[in-house]
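A.B. asks: Need the 3D shape of this:
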Amino acid sequence: QVQLVESGGGLVQPGGSLRLSCAASGSTKAYNAIGWFRQAPGKEREGVSSISNTDGRTNYADSVKGRFTISRDNAKNTVYLQMNNLKPEDTGVYYCAAGGGPTIASMINDNWYANWGQGTQVTVSS
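C.D. replies: As a prediction, this is how the structure comes out:
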């Protein structure tokens, strides 16, 4: 079972940027995708973005399209989430996970994921 470790969270002002990293120990080839999810206080966890392990297709939640970019470095076995123009509503704990279903839509659905990192806090506030 792959181990995932997130890093890069922190406190940032609105309009600022952060880059989250998801480092995997072990191969992720057995999984369809790596996904990023977030959970704000008092709210359900939601899918943010995913990247397919087979063809590199990406998917984004409507709320982050045009602001967030997911990418991967296979040599480092790491997936990144570049977050620009951050808003207070982006605040939450961000998790990466390995799993995903067979369709691009399912790759951003947390029901398809069983392997999760510990999360990293992102706070957007002035």
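A.B. asks: if I pick the closest residue to residue 32 other than its chain neighbours, what's in contact with it?
C.D. replies: In this structure, residue 32 finds its nearest non-sequential neighbour in residue 100, 3.7 Å apart by Cβ to Cβ, 6 or more residues apart in numbering. In short, each C-beta sits where N, CA and C put it, glycine included. With contact set as Cβ atoms under 8 Å, 6 or more residues apart in numbering, residue 100 has these partners: 31, 32, 33, 34, 35, 50, 52, 53, 106, 107, 112, 113.
A.B. asks: Looking at these, which one is closest to residue 121?
C.D. replies: Nearest to residue 121 among the contacts of residue 100, counting by Cβ to Cβ, is residue 35 at 18.2 Å.
A.B. asks: Report the central residue of this structure.
C.D. replies: Nearest to the geometric centre of the chain sits residue 36, at 1.9 Å (Cα atoms, centre = their mean).
A.B. asks: wouldn't that one be in contact with residue 48 here?
C.D. replies: Yes. At 4.4 Å, residue 36 counts as touching residue 48 under the criterion of Cβ atoms under 8 Å.
A.B. asks: shared neighbours of these two, anything?
C.D. replies: In contact with both residue 36 and residue 48: 81, 94, using Cβ under 8 Å, 6+ apart.
A.B. asks: Any idea how far apart the tips of stretch 65-84 sit?
C.D. replies: One end of stretch 65-84 to the other measures 10 Å (Cα to Cα, to the nearest Å).
A.B. asks: Going by neighbour count, list what's buried in it.
C.D. replies: Judged by neighbour count using 16 or more other Cβ atoms under 10 Å, the buried positions of stretch 65-84 are 68, 70, 72, 78, 79, 80, 81, 83.
A.B. asks: Need the residues that contact the least confident helix or strand in the chain by mean pLDDT.
C.D. replies: Averaged element by element with mean pLDDT, DSSP states H and E, the chain has its least confident helix or strand at strand 113-116 (a mean of 94). Identification of contacts with strand 113-116 by Cβ under 8 Å, 6+ apart yields 1, 2, 4, 31, 35, 37, 95, 96, 97, 98, 99, 100.
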